[in-house]
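In: Kindly return the folded structure for what I paste below:
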Amino acid sequence: MATTTATIPRPSRTRSRKDPLAVRLYSAVVLCVFLSLLVVAWINGFDSLAPDARTIVCFTVAAQAAELLRVQLWRDMSFSLALPVLLAAGMILPPWQASAVAFVGSVDLLDIRNRIPKSRIAFNAAEVGLSVMGASAVFHTLAGGRLDWPYVLLPSLASFVTDAILNAALVAWPASYLQSAPLSDAVRRMFGPNLTYFIRYVGIGLMAPLIATIWVYSGAVGLAAFFFPLTLAWSAYRQAEKLSEIGARLEDKNRSLLVALEQVASERRDERLALAGELHDQVLPALFKVDLMAQVLRQDLADGRLLELEEDLPPLSEAAAAAARATRELTNDLRESSLGPGGLAAALRSIANELESASATRFDLRFADVSASETTQLVVYQVGREAMINASKHSQAASVVVRLDSDADGIRLTVTDEGVGFSPRVASKPLHFGLQLMAERADAAGGRLTIDSLIGRGTTVSLVLPRTAP
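Out: Residues are numbered from 1 along each chain as shown. Next up, the predicted model:
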């Protein structure tokens, strides 16, 4: 949304075009409060409209142009470089006129084109109008509408702080509600991810008295010329934004690598346990019988009971054959799948048994016979294991359904729970890195990972992989 500082998170094209009822009611209240104040001020100051009509038009056009210079702070928060333009309008114009400029000038045409909910567009414009109205009132109270340098700096700073406080107060709740994030986190996101961004934000805001002074001496030409330094500031922000993104990606990659290493160690442990179980259940009993029959034959020879050797030799041969058969079957299983005896289905079933023994979550396993390359099976196992662990730890669901089947697109794995759900944008760091690692593994194998989760409505993790990974 367009605002002098931060934006309420914009919905993706695949999400509902309607905000929750609570957010729509809140937006309606803010809009009604703004329109009521505007009407009252307009009635009381009607005679002052005509002399400032040119100023109103010029600053409205300038604000609309500056709206295009938007800086992304987070994935769900941004602010517009219309901030100093609107604050300058508040220094030149009476509060109610400045708020009218802000209301019209802050409507983001991209929001309309992208079919952002109308209630949110109206709220955006209203909260910007209220913020500028308050900032303008503070400036005129302290400076009397005069732009005498350097005395104008203190009222300008007070005006800027007022705008920031009002904006944060109005935007924080709906932003935190839509993202299921703490209120403090929503406020923090409005002013940038670090101190450097905050200092830049303050610097941009304090351009307002310069713009107002240029307008007084140069009019529309000076106002248009000031877009050059604004564009330079926007370019610097964009470069800083790209560097920040690169740094964040590198940090995420490093953390994901650590998580991957931990998962590899855990997977190797699971494989060793599975192999030890197969050896214990299949090979060791046969070898024990071989050893037992060998002792019987040795005793027969020691006692001179040669006739009994003929009766004891067949069981020995059978035990040796059983041991060889069990060893051969186990070796073949290991050859056919790197996931250990039983392949993919058995490996996933083992994870489910282990998680059930350590938590109250129960797994409903629905596995069909699937065939795929060794690499594909390994990726399915890795993603399925992470999704099952996440469901057991975070979903608070009584049961989790795990489906494994195949269709024309390849192998399909889905892990579904009806638990508490979560917002992927504000997931905890361990969960975030786990989700990122799952997506990277799917992408590297030429597949597609989809995570569908809503607060209070559970989570579905869907993985589709070709039978042969690239």
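In: Tell me where the stretch 101-250 of the chain has helices.
Out: 109-113, 118-143, 153-179, 183-190, 195-205, 208-225, 227-278 (DSSP state H, counting those that start in this stretch).
In: least reliable of the ones you listed going by mean pLDDT?
Out: Ranked on mean pLDDT, the bottom entry among the helices of the stretch 101-250 of the chain is helix 109-113, at a mean of 61.
In: quick revisit: check the helices of the stretch 101-250 of the chain for me and report the most buried one.
Out: Counting by mean count of other C-beta atoms under 10 Å, helix 118-143 has the highest mean neighbour count of these, with a mean of 24. To be clear about C-beta, it is placed using only N, CA and C from the backbone, and glycine gets the same treatment.
In: which stretch of helix or strand covers Asp19?
Out: For Asp19, there is no host helix or strand (DSSP states H and E).
In: Show the pLDDT at it.
Out: Predicted confidence (pLDDT) for Asp19: 75.
In: can you check the one 5 residues further on too?
Out: With respect to pLDDT, Arg24 scores 86.
In: was I right about Asp163 contacting Ala89?
Out: No: using C-beta atoms under 8 Å as the test, Asp163 is too far from Ala89 to be in contact (11.6 Å).
In: what sits in contact with each of these two?
Out: Counting by C-beta atoms under 8 Å, 6 or more residues apart in numbering, the shared contacts of Asp163 and Ala89 are Val132.
In: what residue ranges in the stretch 1-150 of the chain are flagged as low confidence?
Out: The stretch 1-150 of the chain contains residues with pLDDT under 70 at 1-17, 45-52, 72-78, 109-115.
In: Strands along that one, start to end?
Out: Counting by DSSP state E, counting those that start in this stretch, the stretch 1-150 of the chain has strands at residues 70-74, 77-80.
In: Who are the contact partners of the closest residue to Ala360 other than its chain neighbours?
Out: Computed as C-beta to C-beta, 6 or more residues apart in numbering, the closest residue to Ala360 that is not its neighbour in sequence is Ala398, at 7.2 Å. By C-beta under 8 Å, 6+ apart, Ala398 lies in contact with 360-362.
In: Give me the subset of these lying in strands.
Out: Among those, the members falling in strands (DSSP state E) are Arg362.
In: Any of the contacts of Ala398 buried? List them.
Out: The neighbour count (16 or more other C-beta atoms under 10 Å) marks Thr361 as buried among those.
In: now the contacts of Ala398 in JSON lines, with pLDDT?
Out: Converted to JSON lines, the contacts of Ala398 look like this (pLDDT from 0 to 100):
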{"residue": "Ala360", "pLDDT": "86"}
{"residue": "Thr361", "pLDDT": "88"}
{"residue": "Arg362", "pLDDT": "91"}
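In: Using PDB, write down the CA coordinates of stretch 213-229.
Out: In PDB, the C-alpha atoms belonging to stretch 213-229 read as follows (Å, rounded to 0.1, in the frame of the first residue of the first chain):
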ATOM      1  CA  THR A 213      11.900  26.200   0.500                       C
ATOM      2  CA  ILE A 214      12.600  25.400  -3.200                       C
ATOM      3  CA  TRP A 215       8.800  25.600  -3.900                       C
ATOM      4  CA  VAL A 216       8.600  29.000  -2.300                       C
ATOM      5  CA  TYR A 217      11.500  30.400  -4.400                       C
ATOM      6  CA  SER A 218      11.100  28.400  -7.600                       C
ATOM      7  CA  GLY A 219       7.600  27.000  -7.800                       C
ATOM      8  CA  ALA A 220       6.800  24.000  -9.900                       C
ATOM      9  CA  VAL A 221      10.100  24.100 -11.800                       C
ATOM     10  CA  GLY A 222      12.100  23.700  -8.600                       C
ATOM     11  CA  LEU A 223       9.700  21.000  -7.300                       C
ATOM     12  CA  ALA A 224      10.300  19.000 -10.600                       C
ATOM     13  CA  ALA A 225      14.100  19.600 -10.400                       C
ATOM     14  CA  PHE A 226      14.200  18.100  -6.800                       C
ATOM     15  CA  PHE A 227      13.200  14.700  -8.300                       C
ATOM     16  CA  PHE A 228      16.800  14.400  -9.500                       C
ATOM     17  CA  PRO A 229      18.200  14.000  -5.900                       C
END
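In: Give me the distance between that stretch and the centre of its chain.
Out: 41 Å (C-alpha atoms, centre = their mean, to the nearest Å).
In: now stretch 349-358
Out: Distance, centroid of stretch 349-358 to centroid of chain: 28 Å (C-alpha atoms, centre = their mean).
In: and that stretch, average pLDDT?
Out: Across stretch 349-358, pLDDT averages out at 85.
In: Can you list the buried residues in it?
Out: Residues of stretch 349-358 classed as buried by neighbour count (16+ other C-beta under 10 Å): 350-352, 354-355.
In: with the residues you listed in mind, which one is nearest to Thr414?
Out: Ala352 (14.3 Å; C-beta to C-beta).
In: Setting aside sequence neighbours, what's the nearest residue to the closest one?
Out: Phe363 (3.9 Å).
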